[in-house]
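1. sequence-free structure coming up:
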């Protein structure tokens, strides 16, 4: 509790217009970043667990998940964009000490995101059967890929609720609860995967033997185990947000505590002003995620003709690399919170300082992680797959990608800064140009000659280019315009 209290004190300095020393600014960034980094890492650990458990079933099972992984990223990205379009507004209102308006946005967010997630789930289930064939999969892996994606799609409403609740808590300054619940979800994922993926079997621990029950569902079991873990975590996360959050608890206000649910639900009705702001923030992000994931799907189409080993190695290498770049996303979450509240408080000079400090920290952390990835690439791949050809090819492409990590960090954290400022259109266009004009063009040229290595050389080149253009925009400062965020009580303190 003391750590959370210190974070509240430091965020209070922003909201109250008081000066902050460089040490206090760095302390705030670290206190918000570390829990978020741990949450991101626990999420990646969950992916590692899924991949390693499925990898033990063989290359075909691994390729089934790898084939549809980019499409799941597309749906994940849309859920994140929808949640962010409302949580950034909450950060601005909290920064302006207007918790009443922040709660109004939260209530509307529950209604809108719930409706959107149901639509996404319907679309996902509808395309689950033909999707593997569209992506160029062969008959050996298409059935498993279809069942995996269908179960994933059915879990989208709970995934959306989890994203929304976690994003709202983080934007209010509470990083610890989402971090702890992400760890819980990881533990639950292990338990449910063991129950659903494998058949009933006898396990030995030393001289002790016992029968472990199992459903023997294989690839589909991996999706179901993760879905159940998400359901449990989202229920806890949303309950904490509604009833225990220090600044966003809305449970009593909507009548849940007294059982008066009928008048309370009228408070969830979307308002034009809130939807307009959400559209301005979220639509560019949603379009960007759609087109970028479309580009990643195109990358899958480029990789698919290279064979089952290449598909599996590509999927596992992406999973392994995520261990290195997820710290950047954790720092990016902290940047969104701090920049959002600083802008809400009208402190533009302080906002610039926070932006540069968070980007610098992200680049330092991911440079260190890139060195680890280069050195430990064979071991990282060995955890994910027992197949020697997959391990060797995956380690080679990971070492190529290690050189891009510093500039990848610049792009990731800068994007978080721009999102916190509510400036999403230009960064989205920059991302789209980078991945379509640079990555896909190079990948299409290099894949026939260098195979999967050529695809990853193209990826490394594109990430360095993307980081460069994001740094240029960050230091030019055009993303930060006084009056860009209109909250009604907004001022222009420095």
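-> Everything's here; your move. Since the model is a prediction, treat every value here as computed from it, not as a measurement.
2. CA atoms for contacts and neighbours, from now on please.
-> Will do.
3. Buried residues, whichever strand or helix holds residue 286. List them.
-> Residue 286 is part of helix 272-303 when elements are defined by DSSP states H and E. Within helix 272-303, the residues scored as buried using 16 or more other Cα atoms under 10 Å are 274-275, 277-303.
4. Same check on stretch 13-23?
-> In stretch 13-23, counting by 16+ other Cα under 10 Å, buried: 14, 15, 17.
5. With respect to residue 368, which of these is nearest?
-> residue 14 (30.6 Å; Cα to Cα).
6. And the nearest residue to that closest one once chain neighbours are set aside, how far from residue 158?
-> Nearest residue to residue 14, sequence neighbours excluded (Cα to Cα, 6 or more residues apart in numbering): residue 342, at 6.0 Å. Using Cα to Cα, to the nearest Å, residue 342 is found at 31 Å from residue 158.
7. Which residue of these two possesses the greater neighbour count?
-> Higher neighbour count among residue 342 and residue 158: residue 342, with 31 against 22, using other Cα atoms under 10 Å.
8. from memory the more buried one sits against residue 348, does it?
-> Yes - using Cα atoms under 8 Å, residue 342 is in contact with residue 348, at 7.1 Å.
9. I'd like the mean pLDDT over the strand or helix carrying residue 238, please.
-> Using DSSP H and E, residue 238 maps to helix 219-243. Regarding helix 219-243, the rounded mean pLDDT is 93.
10. where does the chain have its least confident helix or strand?
-> Lowest by mean pLDDT, DSSP states H and E among the helices and strands of the chain is helix 261-265, with a mean of 51.
11. ok, residue 337 - contacts?
-> 88, 91, 170, 171, 172, 173, 420 (Cα atoms under 8 Å, 6 or more residues apart in numbering).
12. where does the last one sit relative to residue 471, distance-wise?
-> What that stands for is residue 420. For residue 420 relative to residue 471 (Cα to Cα), the value is 16 Å.
13. Which of those two has more residues huddled nearby?
-> The neighbour count for residue 420 versus residue 471, taken as other Cα under 10 Å, is higher for residue 420 (33 against 18).
14. correct me, but the more buried one touches residue 334?
-> No - under the contact definition of Cα under 8 Å, residue 420 does not touch residue 334, with a separation of 9.5 Å.
15. how much space between residue 177 and residue 35?
-> In terms of Cα to Cα, residue 177 sits 9 Å off from residue 35.
16. Next, show the common contact partners of these two.
-> With Cα under 8 Å, 6+ apart, residue 177 and residue 35 have no common neighbours.
17. Compare the two and say which is more crowded by neighbours.
-> residue 35 (22 against 19).
18. can I assume the more buried one sits in a helix?
-> Yes - assessed by DSSP: H, G, I helix; E, B strand; the rest coil, residue 35 belongs to a helix.
19. my guess is it contacts residue 174, does it?
-> No - between residue 35 and residue 174 there is no contact under Cα under 8 Å: 9.3 Å.
20. what's the pLDDT at residue 357?
-> Note for residue 357: predicted pLDDT of 94.
21. which stretches of this structure form strands?
-> 199-205, 208-215 (DSSP state E).
22. would you list the ones you listed in TSV and tack on mean neighbour count and mean pLDDT?
-> Listed next are the strands of the chain as TSV, based on neighbours: other Cα atoms under 10 Å; pLDDT from 0 to 100:
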stretch	mean neighbour count	mean pLDDT
strand 199-205	11	79
strand 208-215	12	82
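23. could you dump the ones you listed to JSON lines with distance to residue 115?
-> Shown next, in JSON lines, are the strands of the chain (distance: least, Cα to Cα, whole Å):
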{"stretch": "strand 199-205", "distance to residue 115": "37"}
{"stretch": "strand 208-215", "distance to residue 115": "32"}
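24. nearest to residue 118, of those?
-> Nearest of those (Cα to Cα): strand 208-215, 27.8 Å.
25. Show me what that closest one is in contact with.
-> With contacts defined as Cα under 8 Å, 6+ apart, strand 208-215 is touched by 194, 195, 196, 197, 198, 199, 200, 201, 202, 203, 204, 221.
26. if I pick the last one, what's in contact with it?
-> By Cα under 8 Å, 6+ apart, the residues touching residue 221 are 193, 196, 197, 198, 215.
27. Quick one: mean pLDDT for the helix holding residue 286?
-> Throughout helix 272-303, pLDDT has a mean value of 84.
28. What is it packed up against?
-> Secondary-structure packing of helix 272-303 (3 or more Cα pairs under 8 Å, 6 or more residues apart in numbering; DSSP states H and E): helix 59-95, helix 308-344, helix 425-433, helix 441-450, helix 452-476.
29. got a list of what the closest residue in space to residue 82 that isn't next to it in sequence touches?
-> Ranked by Cα to Cα, 6+ apart and with sequence neighbours excluded, the top spatial neighbour of residue 82 is residue 282, at 5.8 Å. With contact taken as Cα under 8 Å, 6+ apart, residue 282 is in contact with 81, 82, 84, 85, 424.
30. Show me the two of the residues you listed that sit farthest apart.
-> Farthest apart among the contacts of residue 282 by Cα to Cα are 82 and 424. That separation is 12.8 Å.
31. of those two, who's got more company?
-> The residue with more neighbours, out of residue 82 and residue 424, is residue 82; 26 against 23, by other Cα under 10 Å.
32. who's in contact with the more buried one?
-> By Cα under 8 Å, 6+ apart, the contact set of residue 82 is 113, 278, 282, 286.
33. State the distance from the most far-flung residue of the chain relative to its centre to residue 229.
-> In the chain, counting by Cα atoms, centre = their mean, residue 207 sits farthest out from the average C-alpha position, at 42.3 Å. Using Cα to Cα, we find residue 207 at a distance of 31 Å from residue 229.
34. Might you report the residue contacts of residue 198?
-> So residue 198 contacts 214, 215, 216, 217, 218, 221 (Cα under 8 Å, 6+ apart).
35. Those into TSV, with extra columns for distance to residue 9?
-> Below are those laid out as TSV (distance: Cα to Cα, whole Å):
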residue	distance to residue 9
214	49
215	50
216	51
217	50
218	49
221	45
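36. pretty sure residue 350 contacts residue 341?
-> No - between residue 350 and residue 341 there is no contact under Cα under 8 Å: 10.7 Å.
37. the more surrounded of those two?
-> Neighbours per residue (other Cα under 10 Å) separate residue 350 from residue 341, with residue 341 holding more: 32 against 20.
38. wait, isn't residue 20 in contact with residue 13?
-> Yes - in this structure, residue 20 is within contact of residue 13 by Cα under 8 Å, at 7.0 Å.
39. Tell me where this structure is predicted with low confidence.
-> Scanning the chain for pLDDT under 70 picks out the ranges 1-5, 47-48, 51, 252-266, 481-494.
40. what sits against the closest residue to residue 459 other than its chain neighbours?
-> Distances taken as Cα to Cα, 6+ apart put residue 439 closest to residue 459, at 5.5 Å, once the chain neighbours are dropped. Taking Cα under 8 Å, 6+ apart, we find residue 439 in contact with 458, 459, 461, 462.
41. For the second one, grab the count of nearby residues.
-> The one in question is residue 459. So residue 459, with other Cα under 10 Å, has 22 neighbours.
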